[in-house]
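Q: got a sequence here, can you model it:
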Amino acid sequence: MVYKIQKNAKEPQKYTEKEMLDDILSFSKKLTLWGSNKVIKKWLAFRKMSQAENKNPTDNLFILEDIIFEIRKDMGQKKSGLKQGDILAFFVNDIREYIPKNKRNN
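A: Okay, here's the model as predicted:
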């Protein structure tokens, strides 16, 4: 889903809102059975923030990255060496500009 959203930023209208909602529903269904408690809680925080009126899209990206880190952890991958923004850098070129200075790893 994240990669589809990024691709849509470059090629508008390729990823419709309906497709995105279908992907969110599909992911939610899978989490119900397979997601760890931490992944589920982070996903719920992501969903809640996505629906907030005064949402900051950057905050949502960082929550999404936290979800990815948790899923990787569940699969046996360690986070050591990776910091906030490292996963997001795959699809957001200037993500380092949005990381608070005290959390940057340049």
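Q: which strand or helix spans the residue positioned nearest the centre of the chain?
A: Taking CA atoms, centre = their mean, the centroid of the chain lies closest to L64, which sits 1.9 Å from it. If you go by DSSP states H and E, L64 is part of helix 57-74.
Q: residue contacts, the closest residue in space to A45 that isn't next to it in sequence?
A: Nearest residue to A45, sequence neighbours excluded (CB to CB, 6 or more residues apart in numbering): I63, at 5.7 Å. C-beta coordinates here come from the backbone N, C-alpha and C atoms, glycine included. For I63, the contacting residues are 42, 45-46, 49, by CB atoms under 8 Å, 6 or more residues apart in numbering.
Q: looking at those, state which has the most neighbours.
A: Top of these by neighbour number is K42, holding 22 neighbours under the definition other CB atoms under 10 Å.
Q: and it, what is it in contact with?
A: K42 neighbours (CB under 8 Å, 6+ apart): 63, 66-67, 70.
Q: dump those residues to JSON lines, plus pLDDT.
A: Converted to JSON lines, the contacts of K42 look like this (pLDDT from 0 to 100):
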{"residue": "I63", "pLDDT": "89"}
{"residue": "D66", "pLDDT": "93"}
{"residue": "I67", "pLDDT": "93"}
{"residue": "E70", "pLDDT": "93"}
